[in-house]
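Visitor: Sequence first, then the predicted structure:
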Amino acid sequence: MRIIFAGTPANAAKTLEALVDAGYNVVGVLTRSDAPTGRNSVVTESAVAKMASSLAIPMWKSNSIDEAALNWISGLNADLGVIVAYGSILRKEVLGIPSRGWINLHYSLLPKYPGASPVQQAILEGATSTGVSVFELDEGVDSGPILSAQEIDIKPNESAGELLERLADEGSKLLVRTLHEFDSLYSSRAAQPADVGRAVTKKITRSIARLDFNLSAENFVNKVRAMNPEPVAWFELNSLPVRVLEASVSGATQLEPGIAKLDDSELVVGCLAGSVVLKKVQPAGKKAMSGADWFRGLRRDSLLLS
C-alpha cells in the first residue's frame, strides 16, 4: 500500500516514524511551511519535515493546497492518505486523490471533542478519560465514519502536554493496528451520530489562557493543566503577565477570590469556591520559580491578584 502522510508537530512525527518502522511504504509527506519559532523567532522546519528528511521521504511544504501541491500529491499515486495534526483542512479535491481516500488520527473518542483542541478541552472539563480515534476523512470537521478507537485514562494532575504524549504513543499503535486490518475495519466502519457531542473545539489562544480567580479551585487547576505547555495559563500583576506552570487545590482556609498570601510556605490564592496553591510561576522576563519564592520577593503579607 502506497501511503501519503500529512502532519506537522512532534506528535505527528512520532506517528510517521511508527508507520515506517511497521514497514509501511510512505511515498510522500505533506507538512506546513517553515515558520518562526521560539523567543528569537528563528525560522524552523516542522518536526514532521525533520522526520521525513531523516527517513529520506520526499516532502512538500505548504500551508494550503494550491495547484502545484495538488499536482505533487497526484503524482505520488498513493493508495491511502494518513493525516495527523497537519494544521489545515484538506480541500475536496485532495480527499479524492488517494484511491482509498484519507484516514485521520484524532486525539479524542469521537464524536466527543472534534476540532483543534481535544486534549485541552477534555482537561478543562475535568474528564477522567479520553481516547484516540481513527476515522475516514470527509468534508466536515472530524465527522467521518470511525474505523477504530481506544479509551485512555487521564491521570490526576496530568498536563495537556503529558497527556498528548501518551495519546500520540497509543494513537500511533492504534493507527498501525488499523492499517494491519484495514480492509475489514473499512468495510465495517461506523458513521458518527449526527448530533451527539458535536461541539467543535477551537484553537487555544493566549486570551483563552488568562486565569480567572472567580472559577472554582478545581476548574482553576484544570485550566492550568490544560494550558501547559502552550500557551501557558497566566494572570496580570501591575500590568505584567505572570505565567502559572503548576497549581493544585488547597486545603487551606477559604480566601476571597484573588487574595493571595503565604500559608505554611505555600502561596495560596482564593477562588470563588475553594483555594489553590500556585506551585510554580514565571514572572515576565524571569525564570520559573516556586510561587512562594516569587511572593516573598514582593514583600507583601497579602495581595489581590487579577
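Guide: Yes, it's here.

Visitor: Run a quick neighbour tally on the closest residue to residue 139 other than its chain neighbours.
Guide: Spatial nearest neighbour of residue 139, excluding adjacent residues (Cβ to Cβ, 6 or more residues apart in numbering): residue 92 at 5.9 Å. For every residue, glycine as well, the C-beta is placed using N, CA and C. Residues near residue 92, counting by other Cβ atoms under 10 Å, number 9.

Visitor: What distance do you get for residue 92 to residue 70?
Guide: Distance, residue 92 to residue 70, by Cβ to Cβ, to the nearest Å: 11 Å.

Visitor: circling back to that earlier point, backbone phi and psi for the residue nearest to residue 139, please?
Guide: Phi and psi for residue 92, reported as degrees, to the nearest 10, are phi -60, psi -40.

Visitor: What strands line up against the helix or strand of the chain with the lowest mean pLDDT, and which way round?
Guide: When the helices and strands of the chain are scored by mean pLDDT, DSSP states H and E, strand 35-37 comes last with a mean of 87. Here strand 35-37 is paired, per DSSP bridges, with strand 42-44 (antiparallel).

Visitor: and the strand it pairs with, what's its mean pLDDT?
Guide: Across strand 42-44, pLDDT averages out at 92.

Visitor: Next: stretch 113-121.
Guide: Mean predicted lDDT for stretch 113-121 stands at 96.

Visitor: how far away is the nearest residue to residue 228 once chain neighbours are set aside from residue 248?
Guide: In this structure, residue 228 finds its nearest non-sequential neighbour in residue 159, 4.1 Å apart by Cβ to Cβ, 6+ apart. For residue 159, the distance to residue 248 equals 12 Å [Cβ to Cβ].

Visitor: Between these two, which is the more surrounded one?
Guide: residue 159 (20 against 16).

Visitor: From residue 123, how far out is the more buried one?
Guide: Taking Cβ to Cβ, one finds residue 159 at 8 Å from residue 123.

Visitor: what ranges do the strands span in the stretch 51-200 of the chain?
Guide: 59-61, 80-84, 102-106, 129-136, 146-153 (DSSP state E, counting those that start in this stretch).

Visitor: Can you lay out those as JSON lines showing distance to residue 230 and mean neighbour count?
Guide: As requested, the strands of the stretch 51-200 of the chain are exported to JSON lines (distance: least, Cβ to Cβ, whole Å; neighbours: other Cβ atoms under 10 Å):
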{"stretch": "strand 59-61", "distance to residue 230": "22", "mean neighbour count": "19"}
{"stretch": "strand 80-84", "distance to residue 230": "18", "mean neighbour count": "24"}
{"stretch": "strand 102-106", "distance to residue 230": "19", "mean neighbour count": "24"}
{"stretch": "strand 129-136", "distance to residue 230": "18", "mean neighbour count": "22"}
{"stretch": "strand 146-153", "distance to residue 230": "21", "mean neighbour count": "17"}
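
Visitor: Thank you kindly, that will do.
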